[in-house]
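Participant: next input, structure requested:
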Amino acid sequence: MNDVLALARPEIRALKPYSHAAWEPGLVRLHANENPWRDESDSTGAGLNRYPEPQPAELVARIAGLYGVEPARVLVGRGSDEGIDLLVRAFCAAGRDRILVCPPTFGMYRVAASIQGAGVVEVPLDRARGFALDATGVASAWSPGVKIVFLCSPNNPTGNLLDPAAVGQVLEACSGRALVVVDEAYAEFAPGASLVPWLSRYPHLVILRTLSKAYGLAGARLGAVLGAPEVIELLRRMIPPYALTVPTIEAGLAALGPAGLERCRARVDTLIEERGRLATALATLPLVEKIWPSDANFLLVECADAGRLLAAGIRGGLLVRDVRSQPGLDRCLRVTVGTPAENARLLASLESA
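Facilitator: You can find the predicted model right below:
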């Protein structure tokens, strides 16, 4: 047994998964209590009257190929959020265990822990060093009840890539002690920065990836958990048997085909170029004090009067994210990089403030 499984809840390790209807696409389906007729409005290839394939093999293989791992290291689910939820439920017992997070960061880690009844330990990012990871602080804050360390890189909402050397220090400190989950939702906007090659070196490393951002499938809800085969097999016992819908599966296969991959590369290149142009232009506005460096598809903007800029954007019909409630961001807005036309419209609106 992979030593990391010893960290999982015993009842989850002993769980027998739901026995779904057998997947035999070459046979007529009279075993799953489905409606035999497709609706006339149904334009999908597989048909909405039939249950989708659990952990669809072709989609898993495409995602495995995309990230350069074996299919046994891949679990597909409804965005990164489902992966976060499954991991917390698998490794954290209610009222006993905890997760560790590094704020300011993605809020779903804390939400998933709260739903599970798990505690939250905080080791803030070091704002003075550009929101750098405090690896020594993480190691010092660990205690036997901390089962998962969540790291987001590039981090949301600050936009910075975490130093791989610091992440490596956390992985070494947590070996045999805790799962380290690195959320790489924005990795496509920081080329070459993924830690996926580290999976074979660290069995307690789990990486979250998503097709919501660079691949434009936020509305389809499609993400992946990458990790040791034993960890993936454990999560497969827990995930609902038909987690992904037929339209989501087909959208994912199309996005990961040759034409979809080419479109994605071109759009990522455009967004990176626009990110630089938008950062330069925003920095000239009188109410903008600092544009934090970004490796993602958004910018963290520190303002002299964030409320005025937020209101100016709304008057122009544009929403940016108010992140002032997060620690260390009391004067900040998060601005997503849009199309060139949307970015020009945003700049015009903010200049009016």
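
Participant: for I84, helix, strand, or coil?
Facilitator: Following DSSP: H, G, I helix; E, B strand; the rest coil, the label given to I84 is helix.

Participant: hmm, I typed the wrong one, I wanted V120.
Facilitator: Under three-state DSSP, V120 comes out as strand.

Participant: for it, the count of nearby residues, please.
Facilitator: For V120, the count of nearby residues is 15 (other C-beta atoms under 10 Å). Using the backbone N, CA and C atoms, a C-beta is placed for each residue, glycine as well.

Participant: ok, which stretches of the stretch 51-200 of the chain are helices?
Facilitator: Along the stretch 51-200 of the chain, counting by DSSP state H, counting those that start in this stretch, helices occupy 57-67, 79-91, 108-116, 135-141, 164-174.

Participant: buried deepest among these, which one?
Facilitator: Each of those was assessed for mean neighbour count using mean count of other C-beta atoms under 10 Å. The highest is helix 79-91, with a mean of 23.

Participant: how about P247: what's its closest non-neighbour residue?
Facilitator: T44 (5.9 Å; C-beta to C-beta, 6 or more residues apart in numbering).

Participant: tally of neighbours for that neighbour?
Facilitator: 16.

Participant: quick one on the thing from earlier: closest one to A6 among the helices of the stretch 51-200 of the chain?
Facilitator: Closest of the helices of the stretch 51-200 of the chain to A6 is helix 79-91, at 10.5 Å (criterion: C-beta to C-beta).

Participant: show me what the closest one is packed against.
Facilitator: strand 74-77, helix 108-116, strand 146-152, strand 179-183, strand 205-210, strand 223-226, helix 229-238 (3 or more C-beta pairs under 8 Å, 6 or more residues apart in numbering; DSSP states H and E).

Participant: the residue nearest to P247 contacts T245, doesn't it?
Facilitator: No. Counting by C-beta atoms under 8 Å, T44 does not reach T245; the two are 9.1 Å apart.

Participant: do a quick rundown of the strands in the stretch 201-350 of the chain.
Facilitator: For the stretch 201-350 of the chain, the strands defined by DSSP state E, counting those that start in this stretch occupy 205-210, 223-226, 288-291, 298-303, 321-322, 332-336.

Participant: contacts for the first one?
Facilitator: When contacts are taken as C-beta atoms under 8 Å, 6 or more residues apart in numbering, the neighbours of strand 205-210 outside the stretch itself are 63, 67, 79-80, 83-84, 87, 171, 179-185, 187, 194-196, 198-199, 222-227, 231.

Participant: now with 6 Å, please.
Facilitator: 79-80, 83, 179-185, 196, 198-199, 223-224, 226-227 (C-beta atoms under 6 Å, 6 or more residues apart in numbering).

Participant: the second one now?
Facilitator: Outside strand 223-226, the residues within contact range by C-beta under 6 Å, 6+ apart are 63, 69, 73-77, 79-80, 83, 207, 209-210.

Participant: hey, C-alpha coordinates of stretch 232-245 in PDB?
Facilitator: Taking C-alpha atoms only, stretch 232-245 is exported to PDB below (Å, rounded to 0.1, in the frame of the first residue of the first chain):
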ATOM      1  CA  ILE A 232      -6.800   8.000  -7.700                       C
ATOM      2  CA  GLU A 233      -8.400   4.500  -7.100                       C
ATOM      3  CA  LEU A 234      -9.500   5.700  -3.600                       C
ATOM      4  CA  LEU A 235     -11.200   8.800  -5.000                       C
ATOM      5  CA  ARG A 236     -12.800   6.700  -7.800                       C
ATOM      6  CA  ARG A 237     -14.600   4.700  -5.000                       C
ATOM      7  CA  MET A 238     -16.200   8.000  -3.800                       C
ATOM      8  CA  ILE A 239     -17.100   9.900  -6.900                       C
ATOM      9  CA  PRO A 240     -20.700   9.500  -8.100                       C
ATOM     10  CA  PRO A 241     -20.700   6.900 -10.900                       C
ATOM     11  CA  TYR A 242     -22.100   9.300 -13.600                       C
ATOM     12  CA  ALA A 243     -20.300  12.500 -12.500                       C
ATOM     13  CA  LEU A 244     -19.800  13.900 -16.000                       C
ATOM     14  CA  THR A 245     -22.700  14.500 -18.300                       C
END
